[in-house]
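Asker: sharing a sequence plus its predicted fold:
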Amino acid sequence: MKIALDIGHNCYPDTGASYIGDENAMVVDVGKRVVSKLQALRYQVIVVTPTACSSVSDSLWQRVNKANNSGADLYVSLHENAGGGRGTEIWIGSESGRSVAENILKEIVSLGFANRGVKVQGIDGHHLYVLNNTTMTSLLIEGCFVDSQEDMNRFNPESMSTAIVNGIVGL
């Protein structure tokens with residue numbers, strides 16, 4: 001299986017949320033570990049995070065373009081949430097991503113994070129560019145809330161990356 005991994009934001013001016021935790025730093029730490037763990041399991045991983053961009057729109061277009069041209073079977077975008085909640089939610093581009101999203105969610109929730117569910121792009125309210133425009137099965141993980149002290153106390157990049165990988169590969 002070939003996986004396009006999007007380490008969310010991390011390309012100024014496309015920046016993530018920063019409160020108690022810093023989304024950019026957190027997803028880079030988790031993302032590097034996910035790449036390493038998947039490669040150790042013999043998965044091909046293509047990191048689609050751009051190294052330079054002129055705008056948020058350009059950043060999003062580059063991610064999608066690289067993923068769509070990679071021949072990937074699965075697109076996974078790593079993020080953290082903000083806005084006064086707590087827990088983990090996973091957005092899917094279509095029902096084709098539900099099974100892997102539910103596996104990942106189950107693994108992350110087992111770390112003690114609140115289960116905010118698997119949500120379908122467009123049906124449950126959001127219209128996320130990367131999910132709308134990737135041509136393969138796609139999902140966006142909101143691992144935890146950077147503005148929740150409870151989530152930040154629970155967050156550990158090693159256990160989060162292990163949960164994500166176990167969910168992807170079905171361990």
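Answerer: Nice, I can see it. Numbering: from 1, shown residues only.
Asker: which helix in this structure runs the most residues?
Answerer: helix 23-40 (DSSP state H).
Asker: how far is the helix or strand of the chain with the lowest mean pLDDT from where the chain is centred?
Answerer: None of the helices or strands of the chain scores lower by mean pLDDT, DSSP states H and E than helix 129-133, at a mean of 94. In terms of Cα atoms, centre = their mean, to the nearest Å, the gap separating the centre of helix 129-133 from the centre of its chain is 13 Å.
Asker: how many residues are close by residue 161?
Answerer: Residue 161 has 22 neighbouring residues, counting by other Cβ atoms under 10 Å. To be clear about C-beta, it is placed using only N, CA and C from the backbone, and glycine gets the same treatment.
Asker: quick one: it and residue 33 touch, right?
Answerer: Yes - the pair residue 161 / residue 33 is scored as a contact, 3.5 Å apart, by Cβ atoms under 8 Å.
Asker: tell me where the protein has strands.
Answerer: Counting by DSSP state E, the chain has these strands, from start to end: 2-7, 44-47, 74-81, 88-92, 115-120, 137-145.
Asker: reformat those strands as JSON lines; add mean pLDDT, distance to residue 106 and mean neighbour count.
Answerer: Formatted as JSON lines, those follow (pLDDT from 0 to 100; distance: least, Cβ to Cβ, whole Å; neighbours: other Cβ atoms under 10 Å):
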{"stretch": "strand 2-7", "mean pLDDT": "98", "distance to residue 106": "19", "mean neighbour count": "23"}
{"stretch": "strand 44-47", "mean pLDDT": "98", "distance to residue 106": "22", "mean neighbour count": "17"}
{"stretch": "strand 74-81", "mean pLDDT": "98", "distance to residue 106": "16", "mean neighbour count": "26"}
{"stretch": "strand 88-92", "mean pLDDT": "97", "distance to residue 106": "10", "mean neighbour count": "25"}
{"stretch": "strand 115-120", "mean pLDDT": "96", "distance to residue 106": "8", "mean neighbour count": "17"}
{"stretch": "strand 137-145", "mean pLDDT": "98", "distance to residue 106": "13", "mean neighbour count": "26"}
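Asker: indicate which one of the ones you listed is closest to residue 169.
Answerer: Among the strands of the chain, the nearest to residue 169 by Cβ to Cβ is strand 2-7 (9.8 Å).
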